[in-house]
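A.B. asks: Please work out how this folds:
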Amino acid sequence: MNIGIDFTHDLGYSGIGTYCRSLTEAMIRMEPDNKYNILTLQNKIPEVRQHFTNQNQLRYSGIFQNPMLLGGSFTKLIRNHHKTIWRKQAQQHDIVHFTHQEYFVHGIPNAAVTIHDIIKLYNKTFTVTDKTSPRFLHTEEMINNACQIFVPSNFVLNELLHYFTLCKNKIKVTYEGVKDIYRKITVDHNVLIKYNINPGNNFFLYVGRIEKRKNLDNLIRAYSCLPNTITSDIKLVLICPGDKKATKHLQNKIVAMGLNKSVLHLQNVPDNDLVHFYNAAVALIFVSFSEGFGLPLIEAMNCGCPSVISNSSSLPEISGNSSILVDPADTESIRYGMQQISEQSELRKALSEKSLLRAKEFSWEITAAETLKGYHQSILL
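C.D. replies: Have a look, this model is predicted:
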């Protein structure tokens, strides 16, 4: 089988970047006789290649121009040219997999797509969609065009079936996995010291991007409402990259609330270091308004890190009763969950044990096996 995989986007520390790399590696392990072609931007091959070592089955094609090559005025023109290239490439592959729904190209009969969530179809409350919006209509057309649709949770499956009933026969749930590096280990405090976290410092942990749906405002507000006996002992560590404007807003908010001594904002922390944060944290606090899967949660779980999570979207499904559930819209609910997990050591221990057991049910090998099964089914149709 000759497979083209979309790597024209997001090569950093994002969840989708992790998905692309981890899925590709696992598929090679599962079916090494296939041909895997990484389709990416010109001059990006060295950046992509560094993530794959000793993968002789991989080919790299840097055939797409950077959309910003000629400045913002020509972005739309270059993206339209990308579509032409994709249609030609599809003819040379058994299947092409758009790993990010925003980059899907219509008019390709052998195109599979991963729909990670439909968050961008919702309004600011993440509860109501506008069925007349261009983005909604684009999603509908994508679903009608795709030969196979992959989603990371039953939550996303049910959302799609609610709005797009025609996708029922070509949609497959492929839970995401967790990298081997995220596991229970002895914390190396020298790693944490690099980030100004000294031995003996306790902390809550958030991992994710700076986005409205990630609910950082309510998280920080809830932390500020904890008793002084807790905040004087437990810091809040936010590991969250964002654009310059979002980063500045977050840092200003921390200072304005008088939390600059107890809230630490970090950005791109590599896997080798992040695993020590998960293992050292009192708990992961992950109270997003909406998540299609939530990789930081499963990473924390596989490290035995207990968590306080939203009682909505995919997170309860992924956690499987191994976390404290809170209402993400209610600051008091978040505050109470953080207080519970900070004050009850036996609860933390029990949730840690449950998390480790639940995390065993997720692996990139399972994701790859189901994805490859979807490819084969599509080719046979």
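
A.B. asks: Under the pLDDT cut-off, which ranges of the stretch 251-381 of the chain? List them.
C.D. replies: 381 (pLDDT under 70).

A.B. asks: Spell out the residue ranges of the strands in it.
C.D. replies: 263-266, 283-286, 307-310, 324-326 (DSSP state E, counting those that start in this stretch).

A.B. asks: right, and these - which one's nearest Ile95?
C.D. replies: strand 283-286 (33.6 Å; C-beta to C-beta). All C-beta spots, glycine's among them, are computed from the backbone N, C-alpha and C.

A.B. asks: Who are the packing partners of that closest one?
C.D. replies: Packing partners of strand 283-286 (3 or more C-beta pairs under 8 Å, 6 or more residues apart in numbering; DSSP states H and E): strand 202-207, helix 295-302, strand 307-310, helix 331-343.

A.B. asks: Tell me which of those lies nearest to Ile63.
C.D. replies: Of all the helices and strands packed on strand 283-286, helix 295-302 comes closest under C-beta to C-beta, at 28.9 Å.

A.B. asks: what's near enough to touch Val96?
C.D. replies: The contact partners of Val96, taken as C-beta atoms under 8 Å, 6 or more residues apart in numbering, are Ile3, Gly4, Ile5, Asp6, Leu39, Trp86, Gln89, Ala90, Ile108, Asn110, Ala111, Ala112.

A.B. asks: Now with 7 Å, please.
C.D. replies: Gly4, Gln89, Ala90, Ile108, Asn110, Ala111 (C-beta atoms under 7 Å, 6 or more residues apart in numbering).

A.B. asks: Excluding chain neighbours, give the residue nearest to the third one in space.
C.D. replies: Which is Ala90. Ile108 (4.4 Å; C-beta to C-beta, 6 or more residues apart in numbering).

A.B. asks: Isn't Met257 up against Ala222?
C.D. replies: No - the criterion here is C-beta atoms under 7 Å, and Met257 misses it with Ala222 at 11.7 Å.

A.B. asks: right, and the strands of the stretch 251-381 of the chain - which one's nearest Val207?
C.D. replies: That would be strand 283-286 among the strands of the stretch 251-381 of the chain, by C-beta to C-beta, at 7.1 Å.

A.B. asks: strands paired with the closest one, and their directions?
C.D. replies: Strand pairing for strand 283-286, using DSSP bridges, gives strand 202-207 (parallel), strand 307-310 (parallel).

A.B. asks: export those to TSV and tack on mean neighbour count and distance to Ile230?
C.D. replies: Shown next, in TSV, are these (neighbours: other C-beta atoms under 10 Å; distance: least, C-beta to C-beta, whole Å):
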stretch	mean neighbour count	distance to Ile230
strand 202-207	22	9
strand 307-310	28	13
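
A.B. asks: His162: which of these is closest?
C.D. replies: Nearest to His162, of the strands paired with strand 283-286 and by C-beta to C-beta, is strand 307-310 at 19.3 Å.

A.B. asks: From the chain's centroid, how far away is the closest one?
C.D. replies: 16 Å (C-alpha atoms, centre = their mean, to the nearest Å).

A.B. asks: Tabulate the CA atom coordinates of it in PDB.
C.D. replies: What follows is strand 307-310, C-alpha atoms only, in PDB (Å, rounded to 0.1, in the frame of the first residue of the first chain):
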ATOM      1  CA  SER A 307      -6.000  14.800  37.700                       C
ATOM      2  CA  VAL A 308      -8.800  17.300  38.000                       C
ATOM      3  CA  ILE A 309     -10.700  17.500  34.700                       C
ATOM      4  CA  SER A 310     -13.800  18.900  33.100                       C
END
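
A.B. asks: Which residues belonging to stretch 371-381 are considered buried?
C.D. replies: If you call a residue buried by 16 or more other C-beta atoms under 10 Å, then stretch 371-381 has these buried ones: Thr371, Leu372, Gly374, Tyr375, Ser378.

A.B. asks: Using CSV, write down the CA coordinates of it.
C.D. replies: Extracted C-alpha coordinates of stretch 371-381, given in CSV (Å, rounded to 0.1, in the frame of the first residue of the first chain):
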residue,chain,number,x,y,z
THR,A,371,-6.1,3.5,11.1
LEU,A,372,-4.5,0.9,8.7
LYS,A,373,-7.7,-1.1,8.9
GLY,A,374,-9.6,2.0,7.7
TYR,A,375,-7.1,2.5,4.8
HIS,A,376,-7.6,-1.1,3.7
GLN,A,377,-11.4,-0.9,3.9
SER,A,378,-11.4,2.3,1.9
ILE,A,379,-9.2,0.9,-0.9
LEU,A,380,-11.5,-2.1,-1.2
LEU,A,381,-14.7,0.0,-1.7
